[in-house]
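>>> here is my input, please return the structure:
(2 chains)
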Amino acid sequence: MTALLALLRKELSILLRSPVTYLTLTFVGTVTALLFFDYLRHYNQLLFLYTSNSMGSFELGTIPEYINLSDQVFVPLLEQLALTFIAVIPLVTMRSFAEERARGTDELLLTTELTPEKIVIAKFLTAYVFVSLVLFTSILYPAASMLRTGIGLQHLLSVYLGLWVLGIGLASIGLACSAFANNQLIAAISAYAIALIIFDLSWVQTFASESVGYALIAMSLHPHFVDFAEGLIIAQHLAYFVGLAAVCAALSRLSLDLIRVK
Amino acid sequence: MPSSHTFSYLRSALLPIGLIAIIFGIGARYATGDLGVFGGINLAIGGAALLLSFGLALRNFHGFGASAARAVLLRRVGVLLITIFCAVSLERGMARLAWQWDWTIDQRFHLAPATLKLLEELPDYSYLGSVQLTLFSHPDDPRVRTTRLLLETLKQKSLEEGGQIQVRELMMDRAAEEIERFEVTSSNSVGIEWGGYQTTVQRPNEGNLLEAIQLLIPRERRVLYIAQGEGEGTPRSTEPSGYSGLWGALEAEGYELRGFATASFAEIPSDARAVLLLGPRRNFESHSLAALESYLAQGGRLLALLEPGTETGLEELLLRVAGFHSPSDRIVIDPLAAALEGQPKGLAPLINAYGDHPITAGLSARTMTLFASARPVYAQRLPVQGDRLFPLLYTSPNTYLSEDLQRARRGGLPEASAGEPPERQVIGAAGEYQRNEKRARVVVFGDADFASNRFIRSLYNLDIIVNAVHWVAEREVEITLRPKRINPYQEPLTPQDSLRLFYTVGLLLPELLLVAAAITWTKSRNA
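You can find the predicted model right below:
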């Protein structure tokens, strides 16, 4: 346990001392702010149009229900943030195993009293801390606005729980790719490719049979993430992300044995 | 013959090329919503490059070495397969259990007691087959997500009761025949089909779906008569002051509503299950009052909504026959009540204290009802020994009574009448009377506006009025609480607010993070 904690501390220290971490967080914070501001401007314009004479002077309260802060600002923002996560998270997870391998420190690590399981756990937990930091920088702006407008704290938490589990899933994929890749570049682009492929497989339904289409949707990230944005926590979706993380951890563990065997 | 070095180089180059082609192929699909030629070619090139790279890797593969190494790897692969099996089982198991938690502010996926009651009743009509709900959707319509989840919630709950609800989803551009059959005009509509009948709900939410299914239930319609001609609210008017909302809700609950002019009736029709008086404003003719009295004496059922400041002649009848005293010259003032549009503060009592009675079943301090302005209704006397009177609605303890109705009409807050201390007032009451071996029932509310279109969907107003009708008509079994929906937030954030947030949280935080990055970078360079 002490060895695991020491490794975890070391990994976190590397994470927090890396300028890349702060640059990534800055990028996410800025993108969130710009997107949010843009959606908000669009929403205000829509409201203005509906309440102006040109649209028949709707009274507030008779405007179509779907023109509301949640549907026009919050949900699309989260969809965009999910794609931003795909762009950002592999950049940090790519170095996790691949960098150790490139420097040759992975073999050193395997000779310590740390078991391969502990190494995998420490790497995964560090990545999850990073995901939480990314989430923190992206939550402040929407939270500050939304809590003023009555969307409800629980709904906000549900939305961010969805983003968090999506981040956990993407980080797990990134780590598994890093564990198998020989260099960071391959780790990053293979993580991008896998994340994009499984993000939403519903389009394959057009070509595949119904049962295959159903199975592909069940494997996709997006259908398991989007219900959180509606304020609904579904145990099945949580189980999906837990399972995804476990499978990626098992794959990473397998990669360590492959290296040893080689 | 290329050297092994060339093969190794090719393999290393093909892997990123294949992955990049796939990223751009899929990325193009997400960006445009269609795979297109660019996406298709990229996916084909990417797939081919990856296959080739994999083939070259296999060519260089020389086995896993010693048997001990193979055993280690086999064990690890076994663990991986078990993990995959457990992950899939966990996900499937949870899908079957369908556990979910509704964290929306209006609990929109938490089915109301009325909906659960309907799902319980559906198996009684199993001879009509399943209720088929068809969601017509368009991929770009964000509203569909909420409706899809609501239908799935309905389906899951119905499974617990025998699975009488079937759900399917049709894309708008691929279901021309069904769109025509259900007369669907836009995405996010739900077609309901049951027992040979069909209907379409254009703006589906739990309440609308519930009412639409209820209307398809084949049951005996009980007749309600709504009095007209003495200045009552117009029952079918869709104006804010009309009662079309109440009319529709009562029809959905299985009633047939008929209007009747009190002045032309010498007696109440014999098929009346109950008579409704929706805020009469003029004096009733003496023969109308006699007809009502005779009707009640024979076990009739009356629901009267009385407006403050209107003397109709009913007051004397209600006191004599039903034991209720509702002075028309008094108005209830709650100094803490918020101001409604066009009214001063204090005239619209918010009720959160209820008497113990079937009409108020399920209502509590957290389920409030809103009245626009109200007069008191006292349970004054028992007309006959054995009669029973029940106070239903209590105002807050700060409430007082005022006779200054003129001031209220001018927009001012009336002062308390002399000798009227602040205390809880009763503004709704019910009574039950044994007459000629029949059971007469009367419910009186000291306000009529609370059931008008303007207020009926506010808080639990619909429940209190419909439950009162059910009780009066002796259909207690139908008393329940109906779905609620909080209106979505539709106010603009002011530019000042938006800019303040943008500068503080939106820009300041990234700036601080960038400073942190610079400091970290400088530190690592100097280390």
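>>> chain center to stretch B:403-414: distance?
Distance of stretch B:403-414 from its chain centroid, counting by CA atoms, centre = their mean, to the nearest Å, is 36 Å.
>>> what about residue 104, neighbour count?
By default, I'm working from chain A. 8 (other CB atoms under 10 Å in any protein chain shown). Where you see a C-beta, it was placed from the backbone N, CA and C, and this is true even at glycine.
>>> sorry, should have said chain B
19.
>>> how many neighbours does the residue nearest to it when sequence neighbours are not counted have?
Of all residues not flanking B:T104 in the chain, A:G231 sits nearest, at 3.6 Å (CB to CB, 6 or more residues apart in numbering or on different chains). Residue neighbour count, defined by other CB under 10 Å, stands at 27 for A:G231.
>>> show me what contacts A:G231?
Neighbouring residues of A:G231 by CB atoms under 8 Å, 6 or more residues apart in numbering or on different chains: A:G152, A:Q154, A:H155, A:S158, A:V159, B:D102, B:W103, B:T104, B:I105, B:R108, B:F109.
>>> phi first, then psi, for it.
A:G231 adopts backbone torsions of phi 90, psi 20, taken as degrees, to the nearest 10.
>>> can you check the contacts of A:G231 and name whichever has the most neighbours?
Result: A:V159 is most packed of the contacts of A:G231 (other CB under 10 Å), 26 neighbours.
>>> name the nearest residue to that residue, sequence neighbours excluded.
Closest to A:V159 by CB to CB, 6+ apart is A:A229, at 5.3 Å.
>>> work out for me the element the residue in the stretch 1-150 of chain B positioned nearest to chain A sits within.
Closest approach between the stretch 1-150 of chain B and chain A, counting by CB to the nearest CB: B:A87, at 2.7 Å. Using DSSP states H and E, B:A87 sits within helix B:67-97.
>>> give me the buried positions along that helix.
Judged by neighbour count using 16 or more other CB atoms under 10 Å in any protein chain shown, the buried positions of helix B:67-97 are B:A69, B:V72, B:L73, B:R76, B:L80, B:T83, B:A87, B:V88, B:L90, B:E91, B:M94, B:A95.
>>> next: stretch A:38-45.
Neighbour-count burial for stretch A:38-45, counted by 16+ other CB under 10 Å, picks out A:Y39, A:L40, A:Y43, A:N44.
>>> tell me, which of the residues you listed make contact with chain B?
When CB under 8 Å from any CB of the partner chain is applied, the members of these adjacent to chain B are A:L40, A:Y43, A:N44.
>>> can you list the residues you listed in a markdown table and add pLDDT?
Listed next are those as a markdown table, based on pLDDT from 0 to 100:
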| residue | pLDDT |
| --- | --- |
| A:L40 | 81 |
| A:Y43 | 84 |
| A:N44 | 81 |
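>>> closest one of those residues to chain B?
A:N44 (4.6 Å).
>>> pretty sure B:E193 sits in a helix.
No. Counting by DSSP: H, G, I helix; E, B strand; the rest coil, B:E193 falls outside a helix, being strand.
>>> so what's it bridging to?
Beta-bridge partners for B:E193, by DSSP bridges, are B:Q132, B:Q198.
>>> which residues touch it?
B:E193 sits next to B:V131, B:Q132, B:T134 when contact means CB under 8 Å, 6+ apart.
>>> okay, now the second one: neighbour count?
So that's B:Q132. Around B:Q132 there are 14 other residues, counting by other CB under 10 Å.
>>> quick one: it from B:E169, how far?
12 Å (CB to CB, to the nearest Å).
>>> likewise B:G506?
From B:G506 to B:E169 the distance is 38 Å (CB to CB).
>>> neighbour count: those two, which is higher?
B:G506 (23 against 15).
>>> quick check: closest non-adjacent residue to the more buried one.
Per CB to CB, 6+ apart, closest to B:G506 is A:A33, 3.2 Å.
>>> for the helix or strand harbouring B:L56, give me every contacting residue.
Counting by DSSP H and E, the element that carries B:L56 is helix B:36-59. The contact list for helix B:36-59, computed with CB under 8 Å, 6+ apart, reads A:193, B:7-8, B:10-11, B:14-15, B:17-26, B:28-29, B:32, B:35.
>>> tell me the buried residues within those.
If you count burial by 16+ other CB under 10 Å, the buried members of these come out as A:193, B:11, B:14-15, B:17-26, B:28-29, B:35.
>>> pull the contacting residues for the residue of the stretch 1-150 of chain B closest to chain A.
A:A239, A:V242, A:G243, A:L244, A:A246, A:V247.
>>> what segments of the chain are helices?
I went with chain A, as the question did not name one. Applying DSSP state H to chain A gives helices spanning A:2-17, A:19-51, A:69, A:75-103, A:105-111, A:116-146, A:153-180, A:184-199, A:210-219, A:222-229, A:235-261.
>>> ah, I was thinking of chain B
Per DSSP H, chain B carries helices over the ranges B:4-32, B:36-59, B:67-97, B:113-121, B:143-160, B:176-182, B:206-216, B:244-252, B:286-297, B:314-317, B:405-410, B:461-472, B:495-501, B:509-526.
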